[in-house]
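**Student:** Just a sequence and a predicted model for now, questions to come.
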Amino acid sequence: MKYLLLTLALITSLSVKAQTSATDLAQQQLEAYNARDIEAFLVPYSDSVRVYNFPNTLRYTGKEEMRIRYAGMFENTPDLHCTLVNRVNLGNVVIDQESVIFDKAKPPVEVFALYKTAAGKIQEVYFIRPD
C-alpha cells in the first residue's frame, strides 16, 4: 500500500509538471494579456527573457523591462485585445498567429509570435510582422 501511494504521488507530480508545457505558457500569457493583468502576464516568462523582432533584432531583455513596457500599454490602451488565429506547437516552441486590436477605430495588427521555452518558462519571444 505504501508503494502504491508513493507511485500515485509521483504520477501526480509528473502530471502537474507536464501541464506547464510550452502551449500552456503561451496560453497563460495570452489570457493575462487580454485581462491586462501585468502580474499574471509576467508569470510564464523567465527573469532574463529576451524579446526580438524576427529574425534577430533584440528589442529588450528581462522581465522588469517587459513589466515597464506592458504595464503602460495595459493601462493606456482600453481597446487592447489579442485574438488567437492559429497556434502551432513543436516541443518547446509555440508559434501563435495573432490579430491584435490596439484601437477599435483602426484595423487589427496581424503578427506571428514565436515563444521558445525551457525550464518551465518562456525564454525568448520573436515577433514577425509583415513588411
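**Tutor:** Thanks, I have it. Source: prediction; values computed, not measured.

**Student:** just the strands in the protein please.
**Tutor:** 45-53, 57-61, 81-90, 93-101, 109-118, 121-128 (DSSP state E).

**Student:** for the record, mean pLDDT for the first one?
**Tutor:** Looking back up the chat, that one is strand 45-53. Strand 45-53 carries an average pLDDT of 98.

**Student:** what do you get for the second one?
**Tutor:** Across strand 57-61, pLDDT averages out at 98.

**Student:** In the protein, where is pLDDT below threshold?
**Tutor:** By pLDDT under 70, the low-scoring segments of the chain are 1-19.

**Student:** 80 instead, please
**Tutor:** Along the chain, the parts satisfying pLDDT under 80 run over 1-20.

**Student:** For residue 117, give the beta-bridge partners.
**Tutor:** Counting by DSSP bridges, residue 117 is bridged to residue 122.

**Student:** mind listing what it touches?
**Tutor:** The contact partners of residue 117, by C-beta atoms under 8 Å, 6 or more residues apart in numbering, come to 22, 25, 92-94, 123. In this view, the C-beta of every residue, glycine as well, is placed from N, C-alpha and C.

**Student:** Neighbour-wise, give me the winner out of the residues you listed.
**Tutor:** residue 94 (22 neighbours; other C-beta atoms under 10 Å).
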